[in-house]
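Novice: How does the following fold in three dimensions:
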Amino acid sequence: MSRAAESSQLGGRGRRSARQLACATVVVVIVGLAAITLRAPQPTQPALWTDPVTNMEFVLIRPGSFQMGTPLYESQREQGETLHTVRLTRAFYLGRYEVTQGEWSKVMEENPAHFKDCGKRCPVESVSWTDVQEFLTRLNARSRSGFRLPTEAEWEFACRAGASEAFGRSSTLSSRDANIHGEYPYNAPKGSFRGRPTLVGYFAPNAWGLYDMSGNVWEWTGDAHCPYPPGPVTDPIGTCDSPHRVIRGGSWLFDGASARCGLRYTHRPQDDGYSLGLRLARD
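Specialist: Numbers count the residues shown, from 1 in each chain. I've put the predicted structure just below:
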């Protein structure tokens, strides 16, 4: 082979090598950019969110684990409050307040409350679980979707707000702390019996900025009244053949023990007493 031919062949190899190197460099750059994109920080969820249709305010509840139920030593504990570990893996929003008469009326165009004279900023009551399902259907159609009732586990997690006493960070409750039947407080002096709901937000919030998690009106949850599991669970939802739905939080008509974070109470889906209300969750 002549030197010219050999030089030409080597030059061809050199050009191919250069092209291969350039292609490899492009691939590395693309992969690098993809990696950078995958590592890019995602938008954070706001700690507070307001529904544009009703102006309901929601607090972001982040994932976590807690002891659901009550310890054996808790005063006036009931048999079904079996202590067990619950892990919640998904963040969700929970209403800062109970749903008010004004908010319900914006969606349903009627006010079913027994205490209408209490005003638009009082919690709606006299609503059944079935009524709430219609409210959710209409709200999700008019606003952003994802509104629902909290699960029983989500509700208790939010009520405890990172603590383990009967009322989150407190082991006592009187009518000065919440709207309960003041003649029957919990480990506290007797107080007044108001005989009706109070404005939402009238009392101090819990550690996570949620109001009236104890007292005022009972709050429907999405769960059927099912026995607690014997061991740890993740993201539990009460789905069984029980004819009753779980309500939480006590009310103006009930004693302090009923407002404990771990207390489970029930009603039939069609019941609509004048201390039955709700608080919404949103995915």
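
Novice: and residue 194, what does it touch?
Specialist: Residue 194 makes contact with 175, 179, 182, 252, according to Cβ atoms under 8 Å, 6 or more residues apart in numbering. C-beta: built from backbone N, CA, C; applies to glycine.

Novice: Is it correct that the second one is in contact with residue 201?
Specialist: This points to residue 179. No: between residue 179 and residue 201 there is no contact under Cβ atoms under 8 Å: 11.4 Å.

Novice: shared neighbours of those two, which are they?
Specialist: With Cβ under 8 Å, 6+ apart, residue 179 and residue 201 have common neighbours residue 212.

Novice: Can you pull the domain assignment for this protein?
Specialist: Annotated domains of the chain cover 1-40, 48-282 [automatic domain parsing].

Novice: Throw those into JSON lines and include mean pLDDT, thanks.
Specialist: Shown next, in JSON lines, are the domains of the chain (pLDDT from 0 to 100):
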{"stretch": "domain 1-40", "mean pLDDT": "41"}
{"stretch": "domain 48-282", "mean pLDDT": "97"}
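
Novice: just those domains: most buried one?
Specialist: Across the domains of the chain, averaging neighbours per residue (mean count of other Cβ atoms under 10 Å) puts domain 48-282 on top, at a mean of 19.

Novice: And it, end to end?
Specialist: End-to-end distance of domain 48-282: 12 Å, with Cα to Cα, to the nearest Å as the criterion.

Novice: gap between that domain and the chain center?
Specialist: On the basis of Cα atoms, centre = their mean, to the nearest Å, domain 48-282 sits 10 Å off its chain's mean C-alpha point.

Novice: Show me the helices in the stretch 101-250 of the chain, by range?
Specialist: For the stretch 101-250 of the chain, the helices defined by DSSP state H, counting those that start in this stretch cover 101-108, 129-142, 152-160.

Novice: So which elements touch the last one?
Specialist: For helix 152-160, the helices and strands in contact under the criterion 3 or more Cβ pairs under 8 Å, 6 or more residues apart in numbering; DSSP states H and E are strand 57-61, strand 64-68, strand 84-88, strand 92-95, strand 218-224, strand 245-248.

Novice: Go again with 7 Å.
Specialist: Packing partners of helix 152-160 (3 or more Cβ pairs under 7 Å, 6 or more residues apart in numbering; DSSP states H and E): strand 64-68, strand 84-88, strand 218-224, strand 245-248.

Novice: try the longest one
Specialist: In this structure, helix 129-142 makes packing contacts with helix 101-108, strand 147-148, judged by 3+ Cβ pairs under 7 Å, 6+ apart.

Novice: Export these as JSON lines, with columns for distance to residue 209.
Specialist: As requested, the helices and strands packed on helix 129-142 are exported to JSON lines (distance: least, Cβ to Cβ, whole Å):
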{"stretch": "helix 101-108", "distance to residue 209": "18"}
{"stretch": "strand 147-148", "distance to residue 209": "19"}
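
Novice: of these, which approaches residue 45 most closely?
Specialist: strand 147-148 (15.9 Å; Cβ to Cβ).

Novice: List of residues touching the closest one?
Specialist: The contact list for strand 147-148, computed with Cβ atoms under 7 Å, 6 or more residues apart in numbering, reads 136, 139-140, 222, 280-282.

Novice: Same check on stretch 52-64?
Specialist: 45-50, 88-97, 103, 106-107, 142-143, 157-158, 208-210, 280, 282.

Novice: With only the CA atoms kept, save that stretch in CSV.
Specialist: C-alpha atoms of stretch 52-64 as CSV (Å, rounded to 0.1, in the frame of the first residue of the first chain):
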residue,chain,number,x,y,z
PRO,A,52,-61.9,29.7,45.0
VAL,A,53,-65.6,28.8,44.9
THR,A,54,-66.5,28.7,48.6
ASN,A,55,-63.4,30.4,50.1
MET,A,56,-63.0,27.4,52.4
GLU,A,57,-59.5,27.3,53.9
PHE,A,58,-57.4,24.2,54.0
VAL,A,59,-54.3,23.2,56.0
LEU,A,60,-51.7,20.9,54.5
ILE,A,61,-51.2,17.7,56.6
ARG,A,62,-48.0,16.0,55.8
PRO,A,63,-47.4,12.2,55.9
GLY,A,64,-46.4,10.6,59.2
